[in-house]
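**Student:** Below are the sequence and a predicted model for it; my questions follow.
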Amino acid sequence: MTEDDPQWKETLGLADDSTRVQVICKEQHRDEWTTDADEKGYSSRSSYLYELIEEARAYRKEGYLGWEHAQERIEELETEVEQLESELDKEKEANKSPLSNSAAVKRHLSENYRPLSDIVEEFLQEEDLEQVLRPAIEGTLHTLAGQDEVKYQRGHGWQLTEGGER
């Protein structure tokens, strides 16, 4: 069967607009492709290779293959990571506890010595501290309630359960 002989297409059951393309490769690759085609249920090695080639063309056309695309994607991801880290730093700063904020602590100091108990008492009277403590305590209470160590009753508040330890 030669390319000039139209009967080869009929013999193989191919369409009239079909043609052959010769691929030169190592025998090892030919054997691997044959095994792959068999394992994946293709009718022939040729149909398996044809589909692989068309998939690769589509990937290349969309820019999914090649070092340049990979490098571009790496740079995009690095930029995204930097942005996320920056947002995280801003969020951490915004949610920083007044207890660990040196400016907040310095507000309670002067040129005169003050006992720690006085400084703590002033902190306890500030609304900022409640905004930090309330969510932390509330979160812990909900966690303990989930573990059946405490319970809540509307209008009464929180209490230890019989299984809850002090």
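**Tutor:** Structure received. Keep in mind it's a predicted model, so treat the numbers as computed, not measured.

**Student:** what about the chain, any weak spots by pLDDT?
**Tutor:** For the chain, the stretches with pLDDT under 70 are 1-6, 63-69, 94-101, 127-129, 163-166.

**Student:** Longest helix of it, counting residues only.
**Tutor:** Scanning the chain for the longest helix, with DSSP state H as the assignment, gives helix 67-94.

**Student:** Can you give the distance of the strand or helix carrying residue 53 from its chain's centre?
**Tutor:** For residue 53, the host element (DSSP states H and E) is helix 45-62. With C-alpha atoms, centre = their mean, to the nearest Å as the basis, helix 45-62 stands 30 Å off its chain's centre.

**Student:** thinking again about what came up before, ok, then the element right after the longest helix of the chain?
**Tutor:** Past helix 67-94, the next helix or strand by DSSP H and E is helix 102-106.

**Student:** which SS state does residue 139 fall under?
**Tutor:** Put simply, residue 139 is helix when judged by DSSP: H, G, I helix; E, B strand; the rest coil.

**Student:** Ok, residue 113 next?
**Tutor:** Three-state assignment for residue 113 (three-state DSSP): coil.

**Student:** what's around it, how many residues?
**Tutor:** When neighbours are defined as other C-beta atoms under 10 Å, residue 113 has 6 of them. Placement of C-beta: from N, CA and C, glycine included.

**Student:** what's the spacing between residue 148 and residue 162?
**Tutor:** 9 Å (C-beta to C-beta, to the nearest Å).

**Student:** between those two, which one's more packed in?
**Tutor:** residue 148 (11 against 7).

**Student:** gap between that one and residue 159?
**Tutor:** As for residue 148, its distance to residue 159 is 12 Å (criterion: C-beta to C-beta).

**Student:** Now do the domain split for the chain, please.
**Tutor:** As assigned by the TED database, the chain contains the domains 22-90, 115-165.
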